[in-house]
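# Okay, sequence plus prediction incoming.
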Amino acid sequence: MAAVSLLFFLSGLTLRFTPVGTRVAEYLMAATPLDQLPQADAIVVLGGDPLRSADALRIYRAGKAPMIILSGEAEEALSILDAGMVPRCVVRLDTAPRRTMDHPRTILSVGGIDHSSRLILVSSKLHQRRALAIFRQAGYNDVWMTSIETELHYARKKRQPNHIEVACVFYEVAARVKSWLVD
C-alpha cells in the first residue's frame, strides 16, 4: 500500500511540475478549432456543464450545425441556451446516459440522428480523446470535437497544468484503462 501511495504521489508531482504533465494533458485534447470545423448535423453536448453549454451556443451561432443535443444532466445547460436565445425547437434532450460509454447509443433515440450523422462533440478538454474514441468505436465516422477550453489553452502561453488538471488527467487515464479492460 505504501508503494502504491508513493507511486501516486510521485506521479502527481511529475504531472504538476514537469513538462510531462503538459504533454499528457495535450495528448488528451483532440479538439478542432471552431473555424476549422466542418458543417455538421448536430452538436452533442456531453454532460450538463455550463461551459460546455456556452460552447454549444458559440458553435450554433457560428452556423456549424442546425441542432443541439444535450446529453446527460440538462437543466442548467438548457437555461444557458435559453438565455442565448436558442430556439427550443432546435434543442433535443437525451437524459438517458449514465456514463460516457452510453452517449453514442442513447443519442440515437432523440430523432434525426443515426450512425451516418455528422456530429460535433462538446466536452471538457481532458475528456476529448476518450469521447472521440468511444463515438468512433460505436460506428460514428464523421465526428469532431471542439472546446473553448482547448482553444484558450493554446491561445495562452504554454503553462504547467494546475492541480485540477492533474486530477482530471488521473481520472481520464484511469477511465481509458478501465474502458480497455472492462468495456
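Structure received.
# Skip the chain neighbours and tell me the closest residue to A175.
Leaving out its chain neighbours, the residue that sits closest to A175 by CB to CB, 6 or more residues apart in numbering is R130, at 6.2 Å. Using the backbone N, CA and C atoms, a C-beta is placed for each residue, glycine as well.
# One more: D102?
Distances taken as CB to CB, 6+ apart put A96 closest to D102, at 6.8 Å, once the chain neighbours are dropped.
# where does the one you found land on pLDDT?
pLDDT, A96: 85.
# so who does it touch?
D102, T106, S109 (CB atoms under 8 Å, 6 or more residues apart in numbering).
# on that earlier part again, the residue nearest to A175 should be in a helix, yeah?
Yes - per DSSP: H, G, I helix; E, B strand; the rest coil, R130 lies within a helix segment.
# Can you report how many residues neighbour it?
By the other CB atoms under 10 Å criterion, the neighbourhood of R130 contains 19 residues.
# Just list the residues touching L37, thanks.
Contacts here follow CB under 8 Å, 6+ apart; on that basis L37 touches I59, A62, K64, I120, W144, T146.
# Roughly how far does R92 sit from R61?
Distance check for R92 against R61: by CB to CB, to the nearest Å, it reads 18 Å.
# More neighbours: which of these two?
Neighbour totals were compared for R92 and R61, and R92 leads with 20 against 11 (other CB under 10 Å).
# tell me which element that one falls in.
With elements delineated by DSSP states H and E, R92 resides in strand 91-94, which encompasses its position.
# Identify each buried residue in that strand, please.
When neighbours are counted by 16 or more other CB atoms under 10 Å, the buried residues of strand 91-94 are found to be V91, R92, D94.
# Find the nearest non-adjacent residue to the most centrally placed residue in the chain, please.
Within the chain, one residue has its C-alpha closest to the average C-alpha position: by CA atoms, centre = their mean, that is S123, at 1.9 Å. Excluding its sequence neighbours, the residue lying closest to S123 (CB to CB, 6+ apart) is L46, at 4.4 Å.
# can you pull up the bridge partners for the one you found?
Taking DSSP bridges, one obtains S71 as the residues bridged to L46.
# how close does the residue nearest to A175 sit to I120?
From R130 over to I120 the distance is 17 Å, taken as CB to CB.
# Need the residues that contact the host helix or strand of S53.
Counting by DSSP H and E, the element that carries S53 is helix 50-61. With CB under 8 Å, 6+ apart as the test, helix 50-61 has contacts from 34, 37, 43, 45-46, 65, 68, 70, 76-78, 80-81, 84, 86, 90, 120, 122-124, 146-149.
# Nothing else from me, thank you.
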